[in-house]
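Enquirer: Sequence unavailable; structure follows:
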């Protein structure tokens with residue numbers, strides 16, 4: 001799968017669009033749940049202005065990985081291109097709430113006149129995430145930019161992305177914050193709480 005993804009991206013950068021589509025489609029045939037392959041094929045369809053097909057692929061990528069920030073942002077570009085300003089703003093806003101470091105999404109929201117509102121929403125989401133981890137995780141983990149974890153076995157939140165890439169966090173968080181850590185208290189999270197925690201972790205990586 002990785003070979004097709006790599007070659008497909010090279011073909012995309014060379015504007016060999018049909019070859020890129022063939023490679024990304026081959027990756028999907030091998031692994032139908034590969035969100036990156038759908039996202040990248042969506043990029044090609046966007047270049048070809050086949051917007052319906054692009055949105056379909058981005059929808060699939062997001063269904064597979066609901067916190068795929070780049071897929072939200074890329075879908076936002078298509079929505080903007082076809083004049084769906086409201087949908088574009090929603091996608092760029094979601095992308096930035098998941099990953100506050102996405103400068104393209106920030107620029108798009110500024111272009112669409114919604115940057116101030118989004119910054120406010122992003123700040124609220126990050127604060128919610130911080131409150132959740134301070135309440136439920138601080139007894140073991142360091143949850144801020146500095147300081148050591150109270151439990152030496154518990155990694156600080158600022159380095160969690162090194163053990164669990166941000167795009168892979170959603171599933172263990174959805175099952176429970178404790179999974180698979182036996183020593184941690186088991187509590188279930190709502191989708192909005194998961195979004196808030198991921199946003200907070202992302203903010204630690206950016207600052």
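Expert: Alright, I've got the coordinates. These figures come from a predicted structure and were not determined experimentally. Numbers count the residues shown, from 1 in each chain.

Enquirer: Let's test this: name the helix or strand in the chain with the lowest mean pLDDT.
Expert: helix 170-175 (a mean of 51; mean pLDDT, DSSP states H and E).

Enquirer: Number of residues surrounding residue 192?
Expert: Counted by other Cβ atoms under 10 Å, the residues lying close to residue 192 total 10. All C-beta atoms are positioned from the backbone trio N, CA, C, and that covers glycine.

Enquirer: Can you mark which positions in the one helix or strand it maps to are buried?
Expert: Assigned by DSSP states H and E, residue 192 belongs to helix 191-206. By 16 or more other Cβ atoms under 10 Å, the buried positions in helix 191-206 come out as 193-205.

Enquirer: Mind giving me the packing neighbours of that helix?
Expert: Counting contacts by 3 or more Cβ pairs under 8 Å, 6 or more residues apart in numbering; DSSP states H and E, helix 191-206 is packed against helix 85-98, helix 115-136, helix 160-163, helix 170-175.

Enquirer: mean pLDDT for these: which is lowest?
Expert: Least confident of those, judged by mean pLDDT, is helix 170-175 with a mean of 51.

Enquirer: Which strands or helices does the one helix or strand residue 43 maps to pack on?
Expert: Per DSSP H and E, residue 43 falls inside helix 35-47. Secondary-structure packing of helix 35-47 (3+ Cβ pairs under 8 Å, 6+ apart): helix 2-13, helix 17-30, helix 51-64, helix 69-81.

Enquirer: could you dump those helices to JSON lines with mean neighbour count?
Expert: Shown next, in JSON lines, are the helices and strands packed on helix 35-47 (neighbours: other Cβ atoms under 10 Å):
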{"stretch": "helix 2-13", "mean neighbour count": "16"}
{"stretch": "helix 17-30", "mean neighbour count": "18"}
{"stretch": "helix 51-64", "mean neighbour count": "19"}
{"stretch": "helix 69-81", "mean neighbour count": "23"}
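
Enquirer: Go ahead and confirm residue 39 touches residue 69.
Expert: No. Counting by Cβ atoms under 8 Å, residue 39 stays clear of residue 69, with 10.5 Å between them.

Enquirer: List the contacts of the nearest residue to residue 148 once chain neighbours are set aside.
Expert: Spatially, and ignoring its direct neighbours in sequence, residue 148 is nearest to residue 142 (5.9 Å; Cβ to Cβ, 6 or more residues apart in numbering). The contact partners of residue 142, by Cβ atoms under 8 Å, 6 or more residues apart in numbering, come to 148-150, 156-158.

Enquirer: can you check residue 43 too?
Expert: By Cβ under 8 Å, 6+ apart, the contact set of residue 43 is 12, 54, 74.

Enquirer: Lowest-confidence member of those residues, which is it?
Expert: Scoring the contacts of residue 43 by pLDDT puts residue 12 last, at 91.

Enquirer: now the residue lying closest to that residue once chain neighbours are set aside: how far from residue 76?
Expert: Nearest in space to residue 12, with sequence neighbours left out and distances taken as Cβ to Cβ, 6+ apart, is residue 20 at 4.3 Å. Distance, residue 20 to residue 76, using Cβ to Cβ, to the nearest Å: 21 Å.

Enquirer: Having no further points to raise, I will conclude here.
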